[in-house]
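Colleague: sequence and computational prediction follow.
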Amino acid sequence: MQKVVCLVLLVVAFHSSAQRVKCVFESKYFIPNFTANWFKAVEYCNYLGMRLAVISSAEEQAKLTALVASTDKFSNVSTDIWIGGSDLAEEGNFYWHATGNRIVFTNWKKNQPDNGQKNEHCMEIRYIPEHSWDWHWNDRDCKAARYFVCENLEPGREITFF
């Protein structure tokens, strides 16, 4: 379960007033309540002071997928979630966007990545049991709208929204 504690502050300036929200994300992962293309997902996570999720081990994969499965973003029919890897810089060589590290641990489905229609460069996790997708990784057109997982490197750190 995602735990977010927020405080709304009213800021009054010389000629205008603005609302500012301060939040503390107490868990490692956060899934916003909207879908976005991969690029917007990267931007939004960065805006929050986080990064689009990096998965370096089977243990991290299990924690992330358990979180997704516990939220209202999960459907037992079909769930697709952006994570932070791509081969945008060099076809066929996947790297984590936030770190620049080549992806070592993988959980690709058989015959993936496939660069379908020559435009699949961003990574998602898929759960579609009818088609044997059991939280496997897939390359996808970066323009597709998906929920996404932001990773908090400093759980408990205060984040301000303007």
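Modeller: That came through fine. Source: prediction; values computed, not measured.
Colleague: residue ranges with poor pLDDT in this structure?
Modeller: Applying pLDDT under 70 to the chain flags residues 1-26, 155-157, 159-162.
Colleague: can you give me the helices in it?
Modeller: With DSSP state H applied, the chain shows helices at 38-47, 58-69, listed in chain order.
Colleague: of all those, which lies closest to Asp139?
Modeller: Nearest to Asp139 among the helices of the chain is helix 38-47 (10.7 Å), distances taken as C-beta to C-beta. For every residue, glycine as well, the C-beta is placed using N, CA and C.
Colleague: helices or strands next to the closest one in the packing?
Modeller: strand 51-52, strand 79-86, strand 147-148, strand 150-151 (3 or more C-beta pairs under 8 Å, 6 or more residues apart in numbering; DSSP states H and E).
Colleague: could you check how far the residue nearest to Tyr127 when sequence neighbours are not counted is from Asn119?
Modeller: Leaving aside its sequence neighbours, Tyr127 sits nearest to Thr79 (C-beta to C-beta, 6 or more residues apart in numbering; 4.3 Å). Using C-beta to C-beta, to the nearest Å, one obtains 22 Å as the distance from Thr79 to Asn119.
Colleague: more neighbours: which of these two?
Modeller: Shown here are Thr79 and Asn119; by other C-beta atoms under 10 Å, Thr79 has more neighbours (22 against 12).
Colleague: OK, contacts around that one?
Modeller: By C-beta atoms under 8 Å, 6 or more residues apart in numbering, the contact set of Thr79 is Val68, Lys73, Arg126, Tyr127, Ile128.
Colleague: mind putting the residues you listed in JSON lines, distance to Ile55 included?
Modeller: Output for those, formatted as JSON lines (distance: C-beta to C-beta, whole Å):
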{"residue": "Val68", "distance to Ile55": "12"}
{"residue": "Lys73", "distance to Ile55": "17"}
{"residue": "Arg126", "distance to Ile55": "14"}
{"residue": "Tyr127", "distance to Ile55": "15"}
{"residue": "Ile128", "distance to Ile55": "19"}
